[in-house]
Each structure stands twice: as C-alpha cells, then as structure tokens.
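Visitor: Mind folding the following:
(2 chains)
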Amino acid sequence: MLFAYHRGIFSQTAVPLSYNNIEGHPKQTNMEKELSETYHYNPADFDNQGRRLSDGKTLRELIKDFEWAFHDIHTTEYATIFYANSHTMTLLAKSRDAASFLLYGMELTQGSSFDAGEDPRINHEMDKHSEHIYVYAIDSAFMTEFDENGHPIIEEDSDIYPLTLLIDDKMPNDSIRLAVPTSDDAEEAEQIIINSPQYVHVV
Amino acid sequence: MNATQDDKLHLIRNDNGEWISDEYAVFISRLEATVLRVYATKQGKPLLIQHGRDGLLWCYKHELEAIDLSQQVTKTKYRNLKVKKSDPTYSKENND
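Guide: Alright, predicted model coming up:
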C-alpha cells in the first residue's frame, strides 16, 4: 500500500494529483514493511536558516546527499519517505526558504512508521483545522529534469517519487531516516493503481 | 471508515517543490493572474502565482481571499511637470 500511496498521490497524469484512498478498499498498516537507513548530522553546524556555518551548504542539500547514499546502498531503490523530528523538519523548511505559512511534515499517528492509509487521512483532517498549510512532501533529489513550467519530469515507470515528510519526535535532533516501502506491497499496489480515479482538466 | 470524495487528499506542487493539499489552491487564468497582481500590489498584499502542469496557474486561496477585489484599481496619476525652457543666453554673469 505504500507503493500505492506514492503512485496514486503523486500521479503524473492528473492535475490535481490523486490520492489512492479508494472507497471500500480495506485499510492496512505497513509499519514494518520498509527498507530504511539512518543518517546523522550535527545541528550545531547549521544556522537557524538551515545553512551550514562552514560553507553555506543547506540542510536540504545535505539530505540530497543522503538520498544519493541511500540509492548507492540499495541500488534499485530510491528513498520516498523522510523521517525526522520537528526541529529538523523546521530546519529543513528554513533551508528551502519555505513560506512562513507552510508547515513541513505529517505527524505519525500509528506508531513509529508511516501508515499510508491512516497518516494522510488523519493529517489531512488536522491540516483543515490548522493555521498553517501542511507540506506533505518535497521534490526528490532525483528529480533533476524539469519541463518548461518548472515541473519535474518523471518517467511513469520509474520509482522516483516526491519525498514524503514524516515527523517522528522520538528521533534525536541529529538523526534523519530515509525509507522506501519494500516490494512485498507491490502486488497490492498495482491493484489500487488500476482503480485510481482519473482527473481531467476542466479549465 | 471509508474516505468520501471530499475527504480525499489531492496534492499539488508549488514552485518551490513543495506538495500541499489542493484545497489551498485556486486555479486562475493568465488574465486573472495579471489583474490579481495589480490588486495585490496596490493593496500591499502578498500574492504568489504558482505554475501548475500544462501551463496552468494557481495561487494560494488565503492570499486571494485577503485581496479586496471590490476596490477599484485607479490609474496611476502622473504629476504634470512644467518644463520651463531655459534661456541659452542666461548666465550668472548676465544676471549680475
């Protein structure tokens, strides 16, 4: 279902993009079905705008390095989930010059791992009642080509998706965790993709 | 609980590569974008025009709602400068 989440929510074929939560589809949790790596950085090396004091490198750029390192370890995979605590998430937002009304990351609601069914649904409800606008994901480090409108060009059959942001306040300040759902979910995901709603432009 | 159509989360990407719920986006035409920019500038309100797929434009709903569209945008009034033709024969010495 995690694959389904990514393939559905970040569909390249529709505007607006669709969420895979198909009516009647049984909810499942995916707490343990992911491949993850933990990386460390020193928050003291960064100013409050997310720039490294020594060379000005942004925290986002550092995390891109981690995404590449993740791919180096798991050569057929790309990280699609980013876990960090609130402090790191805020620093990440600053490092990307995010607008002040944006709030990075979904809260984990079902434990310490992303639940592709419940977490987006519950965070969506929280989002509606928040003074801020939730940022559910950011572009992946592997989105390097853009069309004339500035949108990333992604091959339909590639495994590159935006990086979903999850807040895990049990994590220490100096840690981030990158993850990708394991292939155990792939068969189920394909079924959901077929049933995903299609959107057409109405402009 | 099954998600209803209204509950479903649809994401849209802004120009900074951030993916948010499309509930906060209002799609606008190029003409509307131009007019809104003028209103926003006149009123000193922020307005970030974003670029969607296929050339679609959108802006944040809260920024749009903060703009008073009932106000008439008046033409900028330029001061009429009176230009006095200078006298080429004029000099400080002549004047003395």
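
Visitor: any idea where the strands of chain A begin and end?
Guide: In chain A, the strands defined using DSSP state E lie at A:34-40, A:81-84, A:102-104, A:106-107, A:133-138, A:163-167, A:175-181.

Visitor: One more: chain B?
Guide: B:11-13, B:18-21, B:25-28, B:49-51, B:57-60.

Visitor: got the ones you listed as a markdown table, with mean neighbour count, distance to A:Ser112 and mean pLDDT columns?
Guide: Placement of C-beta: from N, CA and C, glycine included. Output for the strands of chain B, formatted as a markdown table (neighbours: other CB atoms under 10 Å in any protein chain shown; distance: least, CB to CB, whole Å; pLDDT from 0 to 100):
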| stretch | mean neighbour count | distance to A:Ser112 | mean pLDDT |
| --- | --- | --- | --- |
| strand B:11-13 | 23 | 24 | 93 |
| strand B:18-21 | 23 | 23 | 94 |
| strand B:25-28 | 20 | 32 | 95 |
| strand B:49-51 | 19 | 34 | 95 |
| strand B:57-60 | 22 | 33 | 96 |
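
Visitor: Out of those, the one nearest A:Ile63 is which?
Guide: Nearest to A:Ile63 among the strands of chain B is strand B:18-21 (14.3 Å), distances taken as CB to CB.

Visitor: Check what contacts the longest helix along chain B and list those residues.
Guide: Identified as the longest helix of chain B according to DSSP state H is helix B:30-43. By CB atoms under 8 Å, 6 or more residues apart in numbering or on different chains, the surrounding residues in contact with helix B:30-43 are B:28, B:45-47, B:49, B:57, B:59, B:63-64, B:67-69, B:71, B:73.

Visitor: Which members of those are the farthest-apart pair?
Guide: Maximum distance among the contacts of helix B:30-43 (CB to CB): 22.1 Å, for B:Leu57 and B:Gln71.

Visitor: got the residues of chain B near chain A?
Guide: When proximity is defined as CB under 8 Å from any CB of the partner chain, chain B approaches chain A at B:2-4, B:7-13, B:15-25, B:27, B:29, B:48, B:51-56, B:60, B:62.
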